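# give me a 3D structure for the following:
(4 chains, ligands or ions: 4)
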Amino acid sequence: MTSIEEVRPYGDRLNDGAIQISFSLPIPLSAQSKEAAKQVAGKLGLEHLRLIYAQDLGNSFSFYIIYGRTSGSINLSSIHIPTVDIPQMDFWQINDLLAHELKKTVTVVGATMGADAHTVGLDAILSAKGFGGESGLERYPQFKIYNLGAQVPAEEVLREIIEQKADVALISQVVTQRQSHLQNLSYLEDLLEGEELRQDLILICGGPYIDTEVALEVGFDAGFGPGTTPSQVASFVVNELLRRRRA
Amino acid sequence: MTSIEEVRPYGDRLNDGAIQISFSLPIPLSAQSKEAAKQVAGKLGLEHLRLIYAQDLGNSFSFYIIYGRTSGSINLSSIHIPTVDIPQMDFWQINDLLAHELKKTVTVVGATMGADAHTVGLDAILSAKGFGGESGLERYPQFKIYNLGAQVPAEEVLREIIEQKADVALISQVVTQRQSHLQNLSYLEDLLEGEELRQDLILICGGPYIDTEVALEVGFDAGFGPGTTPSQVASFVVNELLRRRRA
Amino acid sequence: MKLAISSEQVQHCRAMALAIAHEVQMEISRMSTISVERSLLRLLGMEGATAGIPWVNVFLEQIQEHNVLEDGALYWLGNTLCATDLSISQIGQEVGEGRLDVVKTVRHPLKDIQASIAAVTMESLRRIFLLRAQRRQFRNGLPIHVSPLLYVIVASGNIHDDIAQAKAAAEQGADVIAVIRSTAQSLLDFVPEGVTTEGFGGTYATQANYRLMRAALDEVSRKTGRYIHQVNYCSGLCMAEIAALAILEGLDLMVNDALYGILFRDLNMVRTMIDQHFSRYLLGLFDLIIVTGEDNLIKTVDAFQEYYIVLTSQFINEQLAKQAGMEEKQIGLGHAAELDPSLPDSFLWELVQAQLVRQIFPHSPVKFMPPTRYISGNIFFAHVLDTLFNLVAIWTGQEIILLGMPTEGIHTPYVQDRYLSLESAMHLRSAACSLRKELNFRQNGKSKARAQGILDQTESTLSEIEQIGLWTALNRGMFSQIKRSRKGGRGYEGVFPISQFYLNPFLDQELVKRARKIAR
Amino acid sequence: MKLAISSEQVQHCRAMALAIAHEVQMEISRMSTISVERSLLRLLGMEGATAGIPWVNVFLEQIQEHNVLEDGALYWLGNTLCATDLSISQIGQEVGEGRLDVVKTVRHPLKDIQASIAAVTMESLRRIFLLRAQRRQFRNGLPIHVSPLLYVIVASGNIHDDIAQAKAAAEQGADVIAVIRSTAQSLLDFVPEGVTTEGFGGTYATQANYRLMRAALDEVSRKTGRYIHQVNYCSGLCMAEIAALAILEGLDLMVNDALYGILFRDLNMVRTMIDQHFSRYLLGLFDLIIVTGEDNLIKTVDAFQEYYIVLTSQFINEQLAKQAGMEEKQIGLGHAAELDPSLPDSFLWELVQAQLVRQIFPHSPVKFMPPTRYISGNIFFAHVLDTLFNLVAIWTGQEIILLGMPTEGIHTPYVQDRYLSLESAMHLRSAACSLRKELNFRQNGKSKARAQGILDQTESTLSEIEQIGLWTALNRGMFSQIKRSRKGGRGYEGVFPISQFYLNPFLDQELVKRARKIAR
Ligand code: B12
Ligand code: B12
Ligand SMILES: Cc1ncc(COP(=O)(O)O)c(C=O)c1O
Ligand SMILES: Cc1ncc(COP(=O)(O)O)c(C=O)c1O
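Ligands and ions are numbered 1, 2, ... in the order given. Model (predicted):
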């Protein structure tokens, strides 16, 4: 039986700690390079190493697949996931709460910012057709959506937030090379701080490589990753409005 | 440029340290289990973790694919591969040396030992048709081969070594589950020690998961892994005979 | 998607295979083996072991020691039943614990013995027919499977890990779970007892392990709403006994090949022929499906040049199974291509060969087996080859696919390996579902030529075997260049000609018919 | 392997596409853009930048500022050549560094200007024809490639890493290397200068980067004995300039689509049409191949329902390219399926669609593009889908396959990702080489029905576009539901009607013919 205090990777037997790794080295394949590859795995703390595939990649590169075992174990009971605490609501609950309790229409400005042209993720959350079997926020009667689309400069996002008196900004970032997403998000946050708008805004980002951790790092309130559905985002917004009203 | 003293994994940029890992955990998929998976990767010292795939496997198992970066680097100049030192000879050189210099016919007993029934690897080395474009040892005029085949008990290998006055024993081991190959090899070595035959014998093992390190561990003289050709084995034997004669 | 081959030529092959099988059958018809005898004892309910030695083995040793093996186990069991008031189970225990020597019991008249054995056999048959009917009912109560059935293996060595992984696999989409056996079990002349947790490259086949796995698979069948089939190996020196255990414990399929043990385990050929015959008789009777092992024939020889031996063996396996009373739909012939991936047109050849088998054995639930010998440690390329294999299987309408694993070149499957394989196969089961209907082979292309070439070679090989007989063919290395002698190999000492006292009412068709009727 | 579709219907589609293209052509025939003008300056050898601003941009800004843009760049260049004794390169430098304002040079008679521009154009044409001939000779000196060509991308952002990886890819078996551009480059109205090492999701296209990559690929071509093709994107606000640079630096293929910029980069449609026309004219003239981008059309809409838009766009792209003088064998139309893997029969549909394109455009080196939108972080399943994609590509006889990567759902390819993809594709190039010849579609199956359905939808879409014109079609969102207005989008300010002084002797067929002859 698995112990919650000591969870280990499982390949074929409980607690065998089995892990597969692969990587390339910028050196040609040789007996020496194979040993180097094993040492890479060794430095990760893997034991019982089996270098099971090594392939020259040409032009002084080589590729390795290794299986090994880790003795490290994870204490599940020490892992607390913050987002789990937010009560999830559905379309009806959310609109009900906004219409009758909060008595508010939520204005949302959404954009894929910077040079990023990936709109599918943002549209999944905003546009009527929605995602994962759910309607998007455009269909929520208590939401008013301004979807600015792709490749929007941060300055324009700011302008629109001011113009529409937005309650929420939803920023999508998909391209992450050279950490461009973090730079873009931080930049917007700085702009908002500069205009003293940050406080009153619910600032949310999303994208395939985004999670709450990343979001908090760049000064956002929340971050949503792969598989997010519109109601999850709306739930967060409504909860946040409630929390702020109470505070 | 890659520095020989500091070789790091290469994904898309020099020294980015990129590594892919995958493993399962014996817990169902959840936000918590994903965090646990990241912690497993974290314990390997990987940074910039990206949990890019997580899948429930049913019956309280889950699977993860993670990319991350290692900051560890390998000093290539400190890696010395012992086997590289053995001069490789070809069919003609080997037979020549045996016929004229050593003046010796080498008697070889070969077997796949224990419950192991995998003969393809051993036959690749021994049988006439050979491997990797080379003829097997049966074709070498100065070698006399007794191939005992598969599933041979260690005791029978011992008997045959004695009977044929073997100079060399070639033992294949393919099945490694629960380390059965190590147990089998050690057991034979013990038997030979018991009969005081170990000294005079060249004791070699081989198989897909065998290398020199493993061989030395179980008291053998050498171990040959995937891709071994007959002449590599014969070269080792002749070199060892020369070395022993000189000693 | 038909290949234009002549049905006369196929019929001719089948006729020759029948002759070959029939000749073997004639030669072994008055013989039995200790494995067959132990299987009879097991069918009658003798289950148990003392100090690791099964009671049925001690029983056989007793009659062997006294040189009365030729009378068979049931004669001496019957006599003991008449001579004592012990139950079969009690007899087993007394024998197993060394307190009773059956040959030393008072001799009773043959007709009393016959009567007592007929009674217990009747009881056993009835009980088993009932068990099988319950199982059929359970299976039929669940929705019908999408074809093909997806077959994966578990092989951790530990039955508990096997079960955990089997259940996971079923939830992932597997339809058939085979527990691979520990490496040397086929060489053991007894079936280990009890729940086991230590095996090499697989898990011991024991009655207790079967039972645990069956319960787990039934549980997960209910959970997933798909009937999950249980498989094990009916091979080795205990082939017939394993058949009995599988029947008692409700397995669905058995890997069972007439030649595998002879060729690849160096088991004696006479022993194996007798064992396979009785195993198949039992399995057929109780409605299990067998799957044969022709993949092994091309693991060590040139798989392109010698592919005809696969087809040859399929014809022979089919006829031997029919001799044992099996129907075509119970005979899952093994198919594999094992082609070198670097061979030009390898995908086409695999497609042609797959279609050929499908066409020649239209009622057989062919067990389609994945590439293994050219799979290296490159798990990604293994996945490529397995995906193409899955495609061919689905395209040619196979009924059972044994899924290849990305880690075939490394270890027995990890829990995620099965998931990845199932994912690929399930994708193709949907993505390529109409391919078979939508595409046709060109009339006189190289596909046709390849199929014809294989069939021609098969025909001439069968014709040669028909002339010299199967024993001599095995002796001459006609199967994958492996030579075996008639009296060589393990287990010959367990073969014996039967005496006039010998009893085996499980073969009595009247009795069987009556039992079947009562069980309804 | 033919689908039984009517060639009259295909001809009808082509005729309508021609009418659509022709109408566009008529409307833009007396217009030019700043990108076209800059490309002319570049062809004449104006290369250089000051403080990051290319001289050609400063040149255009000068004539724009003085409101004489309509005369075109060459008129003012010609005038400056007449008025000064500076070379073109020197003029560039003087202009770029702010020391010379070309509009302020003494006005010379038009015929002197024409003569001086004709002379330098002649010289430029001759030089370029020579360069192209040398390249052709180098390529022809190496063995002919196995079909299809295998196309992979590099996108590290750093040209040095790109080169290292490109050479590795070539050694692994790649035939075509495309350097992906940094994300926002298409929105820049200038071509960055110099060697660059920082890009996002790709590497800046610069003349210096092109040159470095070309040298590296030529080196590895010699090493591997296979000519390695260099590709970049001829798109965005600098489309025409990029064409000029690619020609000068010896690239082989250009990703160049008439609609992509309009739809997916929100570039102005008039600007884009003029730019694509002149780019294609140049590329055609100097024997480069274009590959179009129809894959993008089905990345955000239902790829099964709206697949006809791919075929529609292919017809239009083909005719627009022909209007620019290109031959069919130079027009590599883009094809992708992007089907949801969970769609039943998705593999069959992909096969049918691939065959349809191959059949309708038999001379086009179709660029066959892999699945991307349904690729998740599961690198193993991505490899499954890519393998099936490779199979379809080879089976239907495509000429260029852009290989999908196992890590498509994660990052631009790592050095090993290309290896794994190439391995799969090369395996199939051998394993499935005869499939096309050996298999046929069923006469009246659902394959035929699907093909017919697509063709019918395409025909009616083209007919609608023919009636309303391409501009209005774009306005109404007929392409992937994206709506663009005629004057909207970036770059419209760079479009201008040409005056009577306007010069572009690169279009002078007499001059071209003479230059070609001299260069031989
Ligand atoms: C479609 C696509 C494109 C299309 C985009 C069309 C469009 N209108 O969006 C086109 C062809 C234009 C394109 C172009 C490029 N792409 Co692109 N593209 C993809 C692709 C195939 C699918 C992305 C997608 O649509 N996913 C589906 C959506 C539903 O998923 P999602 O974005 O994760 O969204 C969900 C969540 O993340 C979340 N979410 C997302 N945003 C937001 C926002 C908020 C506020 C919230 C709350 C939630 C949220 O909710 C969504 C629903 O659950 C991916 C590869 C892949 N298979 O993932 C590459 C990929 C994203 N592209 C990539 C690249 C590099 C590019 C280019 C930059 C390449 C180049 N240099 O030319 C270009 C340039 C585009 C640009 N300027 O940004 C890379 C990114 C690598 C990286 N990590 O940096 C990828 C991963 C491909 C690769 N392996 O190289 N691309
Ligand atoms: C063919 C095969 C079989 C055949 C063997 C036929 C035969 N006569 O050999 C059959 C079908 C009988 C078989 C059965 C089993 N197999 Co098997 N089999 C394979 C397979 C597909 C290929 C092995 C092979 O032939 N390789 C080709 C040879 C040339 O390579 P090689 O052995 O590495 O040899 C080279 C070197 O290692 C070296 N070498 C090898 N031996 C020696 C000896 C000396 C002295 C020297 C110098 C060099 C040397 O030189 C050779 C040439 O370069 C592998 C999977 C795979 N693709 O690797 C599984 C595999 C080896 N089998 C496996 C298993 C578990 C079994 C079984 C135990 C399963 C079972 N429980 O029923 C059975 C039982 C067999 C038994 N009792 O041992 C596992 C082993 C897992 C492990 N690490 O423990 C594998 C990896 C499959 C898997 N993924 O589960 N198998
Ligand atoms: C036909 C057949 N029978 C039996 C077995 C099992 O072998 P063992 O004899 O080790 O149980 C195999 C293994 O692959 C097989 O293919
Ligand atoms: C047809 C086409 N052109 C150009 C590009 C390149 O885009 P960008 O405009 O970012 O250079 C792409 C990208 O995939 C494309 O498909």
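
# show the residue spans covered by the helices in the stretch 301-450 of chain C.
Under the criterion DSSP state H, counting those that start in this stretch, the stretch 301-450 of chain C carries helices at the ranges C:308-323, C:346-360, C:379-395, C:415-431, C:435-438, C:446-468.

# indicate whether the shortest one makes contact with chain D.
Looking back up the chat, that one is helix C:435-438. Yes - using C-beta under 8 Å from any C-beta of the partner chain, we find that helix C:435-438 touches chain D at C:435, C:437, C:438. C-betas here are computed from N, CA, C, even on glycine.

# just checking, residue C:503 touches residue C:117?
Yes - with contact taken as C-beta atoms under 8 Å, residue C:503 and residue C:117 are classed as touching, separated by 5.4 Å.

# show me the domain layout of chain A.
Domains of chain A are assigned by automatic domain parsing as A:6-75, A:91-246.

# so which of these is nearest ligand 3?
Using C-beta to the nearest ligand atom as the measure, domain A:6-75 is the one of the domains of chain A that comes nearest ligand 3, at 18.2 Å.

# is the closest one in proximity to ligand 2?
No - in this structure, domain A:6-75 remains apart from ligand 2 according to C-beta under 6 Å from any ligand atom; the gap is never smaller than 8.9 Å.

# before we move on, the earlier item: ok, and which of the domains of chain A has the densest surroundings?
Taking mean count of other C-beta atoms under 10 Å in any protein chain shown as the contact definition, the stretch among these with the greatest mean neighbour count is domain A:6-75, which reaches a mean of 21.

# circling back to that earlier point, so which of the domains of chain A gets nearest ligand 4?
Ligand 4 lies closest, by C-beta to the nearest ligand atom, to one member of those: domain A:91-246, at 7.5 Å.

# enumerate the residues of chain A near chain D.
A:22-24, A:26, A:55, A:57-61, A:63, A:114-117, A:119-120, A:123, A:150-151, A:175-178, A:180, A:208, A:226.

# 6 Å instead, please
Neighbours of chain D within chain A, by C-beta under 6 Å from any C-beta of the partner chain: A:24, A:57, A:58, A:59, A:61, A:63, A:115, A:120, A:175, A:177, A:178, A:180.

# intersect these with the contacts of ligand 1.
Of the entries in the residues of chain A next to chain D, the ones placed beside ligand 1 under the rule of C-beta under 6 Å from any ligand atom are A:115, A:120, A:175, A:177.

# show me which pair in those residues is furthest apart.
A:120 and A:177 (18.3 Å; C-beta to C-beta).

# point out where the stretch 151-300 of chain C drops to low pLDDT.
In the prediction, the stretch 151-300 of chain C carries no residues with pLDDT under 70.

# where do the helices sit along it?
In the stretch 151-300 of chain C, the helices defined using DSSP H, counting those that start in this stretch lie at C:159-172, C:207-224, C:239-249, C:260-264, C:269-285.

# so which of the ones next to ligand 1 among the residues of chain A next to chain D belong to helices?
Taking DSSP state H, the ones among those that sit in helices are residue A:120.

# dump the ones next to ligand 1 among the residues of chain A next to chain D into TSV; add pLDDT as well.
Formatted as TSV, the entries for those read as follows, by pLDDT from 0 to 100:
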residue	pLDDT
A:115	86
A:120	93
A:175	90
A:177	81
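
# ok so, going back, quick one, which of the residues of helix C:435-438 next to chain D are buried?
Members of those that pass the buried threshold by neighbour count (16 or more other C-beta atoms under 10 Å in any protein chain shown) are listed as C:435, C:438.

# want to throw the residues of helix C:435-438 next to chain D into CSV with pLDDT and distance to ligand 1?
Converted to CSV, the residues of helix C:435-438 next to chain D look like this (pLDDT from 0 to 100; distance: C-beta to the nearest ligand atom, whole Å):
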residue, pLDDT, distance to ligand 1
C:435, 97, 26
C:437, 97, 32
C:438, 98, 29
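
# for the residue nearest the centre of chain A, give me the pLDDT.
Taking C-alpha atoms, centre = their mean as the criterion, residue A:210 is the residue nearest the geometric centre of chain A, at 2.0 Å. Here, the pLDDT recorded for residue A:210 equals 92.

# which helix of chain A spans the most residues?
helix A:230-246.

# any part of it near ligand 1?
Yes - residues of helix A:230-246 are located near ligand 1 by C-beta under 6 Å from any ligand atom, namely residue A:233.

# gap between the top helix by length along chain C and the chain center?
With DSSP H applied, the helix covering the greatest number of residues in chain C is identified as helix C:110-141. On the basis of C-alpha atoms, centre = their mean, to the nearest Å, helix C:110-141 is displaced by 22 Å from the centre of the chain it belongs to.

# that helix - contacts with which helices or strands?
Using 3 or more C-beta pairs under 6 Å, 6 or more residues apart in numbering or on different chains; DSSP states H and E as the contact criterion, the secondary-structure elements in contact with helix C:110-141 are helix C:73-83, helix C:509-519.

# of those, which shows the lowest average pLDDT?
Taking the mean pLDDT of each of the helices and strands packed on helix C:110-141, the lowest value is held by helix C:509-519, a mean of 95.

# in space, what's closest to residue 133 - neighbours in sequence excluded?
No chain was given, so I picked chain A. residue A:229 (7.9 Å; C-beta to C-beta, 6 or more residues apart in numbering or on different chains).

# not quite, I wanted chain C
Using C-beta to C-beta, 6+ apart, the closest residue to residue C:133 is residue C:519 (6.2 Å).

# residue contacts, the one you found?
C:126, C:129, C:130 (C-beta atoms under 6 Å, 6 or more residues apart in numbering or on different chains).

# before we move on, back to that, could I get the helices of the stretch 301-450 of chain C as TSV with distance to ligand 4?
Listed next are these as TSV, based on distance: least, C-beta to the nearest ligand atom, whole Å:
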stretch	distance to ligand 4
helix C:308-323	47
helix C:346-360	31
helix C:379-395	25
helix C:415-431	25
helix C:435-438	30
helix C:446-468	38
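
# of those helices, give the one that comes closest to ligand 3.
Of all those, helix C:308-323 sits nearest to ligand 3, with 9.8 Å by C-beta to the nearest ligand atom.

# work out for me the element the residue of chain C most remote from its centre sits within.
Distance from the C-alpha centroid of chain C peaks at residue C:106, with 39.5 Å (C-alpha atoms, centre = their mean). Residue C:106 is part of no helix or strand, with elements assigned from DSSP states H and E.

# touching, it and residue C:83? I think so.
Yes - between residue C:106 and residue C:83 a contact is recorded at 4.6 Å, counting by C-beta atoms under 6 Å.

# state the pLDDT value of the residue lying closest to residue C:381 once chain neighbours are set aside.
Nearest in space to residue C:381, with sequence neighbours left out and distances taken as C-beta to C-beta, 6+ apart, is residue D:423 at 5.7 Å. pLDDT, the model's per-residue confidence, is 98 for residue D:423.
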